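> can't give you the sequence, but here's the structure:
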């Protein structure tokens with residue numbers, strides 16, 4: 001098949017998705033990283049072949065060794081018989097999608113590379129409120145994560161438990177806002193509760209915000225803790241500094257596995273002196 005004839009068949013083949021010998025792969029990278037697109041086919045000894053890379057919008061990036069798309073982030077790594085390898089540097093969310101390498105000989109073959117761009121969530125923020133009934137409620141929220149982050153709670157540096165976690169898709173249709181709430185029925189001054197966020201873009205690190213209870217009266221006192229309402233995901237006000245509810249957000253170097261199930265990880269038994277009595281599935285301030 002001649003090159004002009006082969007190129008004319010590309011739009012029809014793309015619409016039909018009918019590529020003999022089609023193969024696909026996927027990779028997840030963070031914003032700012034580099035993407036290597038490697039395409040190799042077994043070719044006859046003749047030089048009658050053509051290789052073409054297409055971006056997710058079906059624009060030609062390279063045709064053999066010739067760069068077609070005017071984007072300086074692309075560069076040629078290697079062009080040889082049956083091989084066309086290129087690199088895209090400084091990835092952004094707009095680069096997400098499926099890239100295709102087409103190999104034209106007597107037939108048309110393709111290889112697909114699906115690319116997912118990871119975005120780390122914002123540092124967690126904590127709010128304290130007193131809902132109806134006994135105890136207090138902690139609200140932890142973060143936004144901008146892609147995909148959804150995983151949130152858990154660490155009580156007094158010892159027991160890690162899940163809360164009532166909700167996710168909401170952002171206006172861009174790609175990033176997420178996440179909120180987790182936890183009701184604590186009984187507490188004593190001097191203990192802490194930490195919100196822990198895990199995400200693939202963070203690698204082995206975690207984002208942590210810690211609430212110290214040393215400035216609050218014990219749960220048996222007549223005084224009531226300050227109230228800060230978390231009305232809507234991503235729009236929670238920060239507690240005033242003089243309310244004794246200072247929080248801190250930081251990257252935690254403790255290594256954690258991603259995607260594990262709570263049902264598969266038994267929690268350690270609480271010591272008898274544990275001051276927390278909690279409801280894991282507490283009610284959120286607003287459901288959606």
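The structure has been received and is ready for your questions. No experiment lies behind these values; they were computed from the predicted model shown.

> Just give the number of residues close to residue 114.
Other residues near residue 114 come to 14 when the count uses other CB atoms under 10 Å. Where you see a C-beta, it was placed from the backbone N, CA and C, and this is true even at glycine.

> May I have the strands that pair with the helix or strand hosting it, each with its orientation?
Remark: residue 114 resides in strand 108-118, with elements defined by DSSP states H and E. Sheet pairing of strand 108-118 (DSSP bridges) gives strand 23-30 (parallel), strand 97-104 (antiparallel).

> Give the next helix or strand downstream of the first one.
Read it as strand 23-30. Next along from strand 23-30, by DSSP H and E: strand 35-40.

> Return the angle between stretch directions for the strand holding residue 114 and strand 35-40.
160 degrees (axes from the mean of the first three to the mean of the last three CA atoms, to 10 degrees).

> which one of the strands paired with strand 108-118 lies closest to residue 158?
Nearest of those to residue 158, taken as CB to CB: strand 23-30 at 32.1 Å.

> Which positions within stretch 64-80 qualify as buried?
67, 74, 76 (16 or more other CB atoms under 10 Å).

> So, low pLDDT: which residues of the stretch 151-288 of the chain?
214-288 (pLDDT under 70).

> quick revisit: pLDDT of the strand holding residue 114, averaged?
Averaged over strand 108-118, pLDDT sits at 94.

> Make JSON lines out of the buried residues of stretch 64-80 and add secondary structure, distance to residue 134 and pLDDT.
Supplementary listing: the buried residues of stretch 64-80 in JSON lines, determined by DSSP: H, G, I helix; E, B strand; the rest coil; distance: CB to CB, whole Å; pLDDT from 0 to 100:
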{"residue": "67", "secondary structure": "strand", "distance to residue 134": "67", "pLDDT": "95"}
{"residue": "74", "secondary structure": "strand", "distance to residue 134": "61", "pLDDT": "97"}
{"residue": "76", "secondary structure": "strand", "distance to residue 134": "67", "pLDDT": "97"}
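
> Using TSV, lay out the residues you listed together with distance to residue 119.
Below are the buried residues of stretch 64-80 laid out as TSV (distance: CB to CB, whole Å):
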residue	distance to residue 119
67	28
74	22
76	29
